[in-house]
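Novice: 3D, please:
(one chain, ligands or ions: 3)
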Amino acid sequence: MKGQIVKILSNLYFVNCNNQIIECHSRGNFRNKKITPVVGDYCIVDIESKYIMEILPRKNFLIRPLVANIDQGLIVTSLKTPDFSTNLLDKLILIMELNNIKPIICITKEDIASDNIKENVKDTLDYYRKIGYEVFYNYEIKEIKKIFKDKITVFTGQTGAGKSSLFNRLDPNLNFETGEVSIALGRGKHTTRFVELINLFDGKLVDTPGFSSIDLSIYSKEQIKQSFIEFKKYKCKYNDCMHINESIDDCEVKKAVETKKILESRYQNYVNFILKKE
Ligand SMILES: Nc1nc2c(ncn2[C@@H]2O[C@H](COP(=O)(O)OP(=O)(O)OP(=O)(O)O)[C@@H](O)[C@H]2O)c(=O)[nH]1
Ligand SMILES: [Mg+2]
Ligand SMILES: [Zn+2]
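Specialist: Numbering: from 1, shown residues only. Ligands and ions are numbered 1, 2, ... in the order given. A predicted model of the protein is given here:
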């Protein structure tokens, strides 16, 4: 019978088969031996023995968070504790873009951010909207509920950003565990320990454990360049322009940064990601 893996706890696989959760094991000897089942995987289950027999082909696959078959990613980003970071935001957008996942930004903790931060962030968020990304605040519950229909949405973001809290706001019956962010350390302590997929609002939502840093080393310079979608409309003199060492006369992207058509922090993060590859 066909099903979808919704949770994995050590070697126990919780598989949704016709809206019934079956606890299965996996022998690990699939046709393609390299495959390790992850949450979001569609699979064939032998109902008698409760073994996963086969993992069906994936639409996409993320290592961090470890999930498969995702349509859209809700990038949960706090304005404070942890501090707002365009670096992390741009990294997550990059990963989504390169895996054919629609990035959606959700801002949290506006209530505890200083007026200064709120003001600065406004222009930044307007820029993301302008280049085509939806931006929500976590108090816009009614609006957020509408984005999930017929989609698999993964919630991702820094630890302590408020992913599980947002689940609880969306459906108070969920009662997901949330954690205080350690003020002394200034960083979270990873409250959520496993990836979990649930059916809600006619869609499927996935909570994940947060992270404190993201590594882009598996992506090439060319991929990094492709993931900055708004750069594409600028036609530089050379097709293979990387918008870094080229002269500003030849580089339309650099000119657009100069004239503030491209957000300075977007460009700076782009340069940092590329230079890390060297
Ligand atoms: N003031 C304020 N606190 C919030 C908001 N959203 C979440 N929090 C708090 O932030 C802390 C961390 O929230 P979680 O929901 O556990 O964060 P998480 O992203 O699930 O963290 P991990 O599971 O570790 O990845 C908790 O103490 C929440 O109560 C918000 O909008 N405003
Ligand atoms: Mg959590
Ligand atoms: Zn250029």
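
Novice: gap between Glu264 and ligand 1?
Specialist: Using C-beta to the nearest ligand atom, to the nearest Å, we find Glu264 at a distance of 27 Å from ligand 1. Where you see a C-beta, it was placed from the backbone N, CA and C, and this is true even at glycine.

Novice: next: Val271.
Specialist: 29 Å.

Novice: is that residue in contact with Met242, as I believe?
Specialist: No: using C-beta atoms under 8 Å, Val271 is not in contact with Met242, being 9.4 Å away.

Novice: so those two - more neighbours on which side?
Specialist: Met242 (17 against 14; other C-beta atoms under 10 Å).

Novice: helix, strand or coil: sort out the spatially closest residue to Lys232 that is not a sequence neighbour for me.
Specialist: Spatially, and ignoring its direct neighbours in sequence, Lys232 is nearest to Gln226 (7.8 Å; C-beta to C-beta, 6 or more residues apart in numbering). The three-state assignment at Gln226 reads helix, by DSSP: H, G, I helix; E, B strand; the rest coil.

Novice: tally of neighbours for Gln226?
Specialist: Neighbour tally, Gln226, other C-beta under 10 Å: 15.

Novice: doesn't Tyr139 lie inside a strand?
Specialist: No: counting by three-state DSSP, Tyr139 is not part of a strand but coil.

Novice: what ranges does the chain have for its strands?
Specialist: 2-9, 12-17, 20-26, 42-46, 51-55, 61-62, 67-68, 72-78, 102-108, 134-137, 152-156, 196-200, 203-207 (DSSP state E).

Novice: which strands or helices does the third one pack on?
Specialist: If I follow you right, that is strand 20-26. strand 12-17, strand 51-55 (3 or more C-beta pairs under 8 Å, 6 or more residues apart in numbering; DSSP states H and E).

Novice: who wins for proximity to Lys122 among the ones you listed?
Specialist: Lys122 sits nearest to strand 12-17 of all the helices and strands packed on strand 20-26, at 40.8 Å, using C-beta to C-beta.

Novice: thinking again about what came up before, so which of the helices and strands packed on strand 20-26 gets nearest ligand 3?
Specialist: strand 51-55 (41.5 Å; C-beta to the ion).

Novice: so for the closest one, mean pLDDT?
Specialist: Here strand 51-55 scores 93 as its mean pLDDT.

Novice: report all helices and strands that that strand contacts.
Specialist: Counting by 3+ C-beta pairs under 8 Å, 6+ apart, strand 51-55 packs on strand 20-26, strand 42-46.

Novice: okay if I get the ones you listed as TSV plus mean neighbour count and mean pLDDT?
Specialist: Shown next, in TSV, are the helices and strands packed on strand 51-55 (neighbours: other C-beta atoms under 10 Å; pLDDT from 0 to 100):
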stretch	mean neighbour count	mean pLDDT
strand 20-26	15	95
strand 42-46	18	96
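
Novice: perfect, I'm done here.
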